[in-house]
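>>> Here you go, sequence then predicted model.
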2 protein chains.
Amino acid sequence: MIYFTITAMQQIWLSLLSALSLRLVLPGGAEEGLEFPNFDGKDRVLDISERNYKKALKRYDLLCLFYHEPMPANKGLQKRFQMTELVLELTAQVLENKDIAFGMVDSQKDAKVAKKLGLEEVGSLYVFKDDRVIEFDGELSADTLVEFLLDVLEDPVEIINNAMELRAFERMEEDIRLIGYFKGEDSYYKAFQEASERFQPYIKFFATFDKTVAKHLSLKMNGVNFYEPFMEEPAVLPGRPLSEMDIVEFVTQHRRATLRKLRAENMFETWEDDMDGIHIVAFAEEEDPDGYEFLEILKDVARDNTNNPELSIVWIDPDDFPLLTTYWEKTFKLDLFRPQIGVVNVTDADSVWLDMSDDEDLPTAEELEDWIEDVLSGRVNTEDDDEKDDRVTVQMFCGT
Amino acid sequence: MIYFTITAMQQIWLSLLSALSLRLVLPGGAEEGLEFPNFDGKDRVLDISERNYKKALKRYDLLCLFYHEPMPANKGLQKRFQMTELVLELTAQVLENKDIAFGMVDSQKDAKVAKKLGLEEVGSLYVFKDDRVIEFDGELSADTLVEFLLDVLEDPVEIINNAMELRAFERMEEDIRLIGYFKGEDSYYKAFQEASERFQPYIKFFATFDKTVAKHLSLKMNGVNFYEPFMEEPAVLPGRPLSEMDIVEFVTQHRRATLRKLRAENMFETWEDDMDGIHIVAFAEEEDPDGYEFLEILKDVARDNTNNPELSIVWIDPDDFPLLTTYWEKTFKLDLFRPQIGVVNVTDADSVWLDMSDDEDLPTAEELEDWIEDVLSGRVNTEDDDEKDDRVTVQMFCGT
């Protein structure tokens, strides 16, 4: 749905949006095979109301509803609002053959529908799949949204059949993963599958019916392992066989990892899940030897402290967020060509950073742990340096 | 530079572009730390001409010139043209503190400047760094461009100091990499560094001054190893010590890999570098167990055939190109939830694909090699199935 009558100007916006990435002129050879989509101007996003929401829910494999505040009076915000619609329109077009519908729900005008559907966070996109709801609170760009929805369309449980697939599974250390061993697609497997649907696509569920694979993972029949990101040993879920609720409860309790990677698909959700108003944030480029080394130290620290519920470090790989890199450098007064770790106050983005100015000499795991202890005890905090700055200013005033 | 007088409408475009990714409404908590940049409307891109190009070359660390055809008469192309400018404007804004200038060079109006600067391919961005020119022929989006330019700003040679950094180096199997062992920053190292600048950031150069690191890599003093992507053993560059030209020549001769990954930063360049008008293309999601398994088979095949100059397989991970995934599925009539391999004719995107419909049973390395042999000998080609189709059509016509 385009919210207003389409004027000529808006049509121009539509075609503009299309060019999220574009080639101005084809090269001499005019080769084919890499054409980025252009928005075709066709309205696909629905205006959801009490009249049509039930039908939409029934009719499509996925229904994606963007829950938004009423059209703002402010011109700048209005334009952003329209851009959001256009991101949804382009996403809808790209996924046209996939049986996905898109709609907008106004928090005021459609308050009743929102309540019935359980929509709560304005600015989030809610994805309805069968009788589940999945909240998307990530970067609202067509790339991220398309990738996310393609993940949602996949089976929530991947089967691991052989040694090679097992290797693929073992490489995914950045993800929260569960794997269960079952005789086949019996009722225990079904309970596992039902649980997986509640966390798709944020938490990855795998299963195996293969004895050798299970043995390699020390999995007993109907047993389930839980892998926290970056940990070497899994936790074994207590009890066998497990009901859907057993699994859901365990995952809910353990899903905030000691070291978690910021991802475009749920970046705002992660950021909102702060620890008493702060985040310990580590910047490290995994592709860079220095960054890789620092990350390995960080993993050691996380492994040593995995049982501390007070500790959750957000790792940001600047390569994943090129448009934010210089914003972070400015906001936090950092050089992001090198690894960094600090404490960020999420209400005002005030921050303090560990001094690692000697390039050759990253901190050891012990030094890093000492510093983290200082953060958790409040000895290192974002307010201290402000006071220092104030004091310096006062002294300067006194001196003149 | 904005090409025209800024009208109210264009100002709207400017602010629209900003919202490549955006949050419509801040969440309840109004947390800070993740604000995507909004284009501020300030003109930063220069209109390059004979009068100003020398000064611009001298004044900035990097000068990025977009070489383009004259403003097209066609309205649709005009809008694309303006979007390109806006992508450049946003990139310039994001990188404002980095001493990078951006400019536009018109292939007609500025033909003389273009000739002097050696600009050749219309639609490419040329980056001037010291006395080198780097051509960017990738996805023209702000993300890709910012990431690319941040890479160009880094030192062209990374030093590997210890075992952990060595591990980081060894993990980069997707990249073309060189590593040299030198006594220190002597003239042999300098020659290596000069060579590295010619390939930055597409080919990665590393050096070590550490005996243990060198020993681990079987590197002799002043020796240089060349790692083709996905190969287990490096090639040793002939001769020691090596001049800049020795290195440049070797890299130029060996840079087209047997298996190469398509990347946003040079995707069009890769696609243009076809083999007699065709590409062997493999789709495989590395994060997916099936995709991973297929990729491992593919690597085996590539390792067995690394000395065949006729063979270069383009590996595309659909996860890297969400906006192109459904376009490829449609164009090539494929299901990209599973791995695929085929031959694509780059002039018309006509293609044939290996039948791998049985999910449980990926082809073995031998089967894949047989198929590739059939492709290289022409027994499998993109025209055969067309003929078959034609024949079917003829028969149908005869039958009626």
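Perfect, thanks for sending it.

>>> Just give the nearest non-adjacent residue to the most centrally placed residue in chain A, would you?
Of all residues in chain A, the one closest to the mean position by Cα atoms, centre = their mean is residue A:266, 2.3 Å from it. Distances taken as Cβ to Cβ, 6 or more residues apart in numbering or on different chains place residue A:138 nearest to residue A:266, at 5.0 Å, with adjacent residues excluded. Every C-beta, even on glycine, is put in place using the N, C-alpha and C of the backbone.

>>> So residue A:230 versus chain B, what's the distance?
15 Å (Cβ to the nearest Cβ, to the nearest Å).

>>> Doesn't that residue lie inside a strand?
No - Residue A:230 sits outside any strand when classified using DSSP: H, G, I helix; E, B strand; the rest coil, being coil.

>>> Please name the residues that touch it.
With contact taken as Cβ atoms under 8 Å, 6 or more residues apart in numbering or on different chains, residue A:230 is in contact with A:173, A:174, A:257, A:258, A:259, A:299, A:302, A:303.

>>> In contact with the third one, which residues?
Under the criterion of Cβ under 8 Å, 6+ apart, the contact list for residue A:257 reads A:176, A:228, A:229, A:230, A:302, A:312.

>>> Which positions in the stretch 101-250 of chain A make contact with chain B?
Neighbours of chain B within the stretch 101-250 of chain A, by Cβ under 8 Å from any Cβ of the partner chain: A:121-123, A:137, A:139-144, A:146-147, A:150, A:153-154, A:158, A:160-162, A:164-165, A:167-169, A:171-172, A:206.

>>> Could you give the number of residues near the residue nearest to residue A:266?
21 (other Cβ atoms under 10 Å in any protein chain shown).

>>> go on, residue A:150?
Per other Cβ under 10 Å, the neighbour tally for residue A:150 reads 22.

>>> for the helix or strand hosting it, the distance to its chain's centre please.
Element membership of residue A:150 [criterion: DSSP states H and E] is helix A:142-153. Averaging C-alpha positions (Cα atoms, centre = their mean, to the nearest Å) puts helix A:142-153 12 Å from its chain's average.

>>> what do you get for stretch A:357-377?
In terms of Cα atoms, centre = their mean, the gap separating the centre of stretch A:357-377 from the centre of its chain is 27 Å.

>>> Next: stretch A:129-141.
What separates the centre of stretch A:129-141 from the centre of its chain is 11 Å, taken as Cα atoms, centre = their mean.

>>> same thing with stretch A:224-244?
22 Å.

>>> what about that stretch, how long is it end to end?
Terminal residues of stretch A:224-244 are spaced 12 Å apart (Cα to Cα, to the nearest Å).

>>> Give me the buried positions along that stretch.
Along stretch A:224-244, these residues count as buried under the neighbour rule (16 or more other Cβ atoms under 10 Å in any protein chain shown): A:224-231, A:234, A:237, A:241-242, A:244.

>>> So what's the residue count around residue A:320?
Burial of residue A:320, expressed as a neighbour count using other Cβ under 10 Å, amounts to 17.

>>> Give the full set of residues in contact with it.
Listed by Cβ under 8 Å, 6+ apart, the contact set of residue A:320 reads A:262, A:263, A:264.

>>> nearest spatial neighbour of the first one, skipping sequence neighbours?
The shortest distance from residue A:262 to any residue other than its chain neighbours is 4.7 Å, reached at residue A:316 (Cβ to Cβ, 6+ apart).

>>> what about that neighbour, how many neighbours?
Residue A:316 has 25 neighbouring residues, counting by other Cβ under 10 Å.

>>> can you check residue A:48 too?
Residue A:48 has 26 nearby residues by other Cβ under 10 Å.

>>> Same check on residue A:335?
So residue A:335, with other Cβ under 10 Å, has 10 neighbours.

>>> ok, for it, nearest residue in space, not its chain neighbours?
With sequence-adjacent residues excluded and distances taken as Cβ to Cβ, 6+ apart, residue A:335 is closest to residue A:329, at 6.8 Å.

>>> Please list all residues in contact with that neighbour.
Shown in contact with residue A:329 (Cβ under 8 Å, 6+ apart): A:335, A:336, B:97.

>>> nearest to residue A:65, of the residues you listed?
Residue A:65 lies nearest to residue A:336 out of the contacts of residue A:329, by Cβ to Cβ, at 36.1 Å.

>>> So that closest one is in contact with residue A:283, correct?
Yes - shown here, residue A:336 and residue A:283 form a contact pair, counting by Cβ atoms under 8 Å, at 5.6 Å.

>>> The two: who's more crowded?
More crowded of residue A:336 and residue A:283, by other Cβ under 10 Å: residue A:283, with 26 against 19.

>>> Phi, psi for the more buried one please.
Main-chain dihedrals, residue A:283, degrees, to the nearest 10: phi -100, psi 130.

>>> which bits of the stretch 251-400 of chain A sit near chain B?
Applying Cβ under 8 Å from any Cβ, we find that the stretch 251-400 of chain A lies next to chain B at A:267-268, A:271-272, A:274, A:279, A:287-293, A:296, A:319, A:322-327, A:329-331, A:337, A:344, A:346-349, A:360.

>>> about what we covered before: where does the residue nearest to residue A:262 land on pLDDT?
At residue A:316, the model reports a pLDDT of 98.

>>> residues touching it, list them.
Contacts of residue A:316 by Cβ under 8 Å, 6+ apart are A:261, A:262, A:281, A:282, A:283, A:284, A:328.

>>> Among these, which are located in strands?
Among the contacts of residue A:316, the members found in strands (DSSP state E) are A:261, A:281, A:282, A:283.

>>> From those residues, keep the buried residues only.
Buried among the ones in strands among the contacts of residue A:316 (16+ other Cβ under 10 Å): A:261, A:281, A:282, A:283.

>>> and of those, the nearest to chain B?
Nearest to chain B out of those is residue A:281 (Cβ to the nearest Cβ; 8.1 Å).

>>> Who is that closest one paired with across the strands?
residue A:314, residue A:342 (DSSP bridges).

>>> Ok, residue A:101 next?
Beta-bridge partners, per DSSP bridges, of residue A:101: residue A:63.

>>> Give me the below-cutoff pLDDT ranges for the stretch 301-400 of chain A.
In the predicted model, the stretch 301-400 of chain A carries pLDDT under 70 at residues A:358-360, A:384-400.
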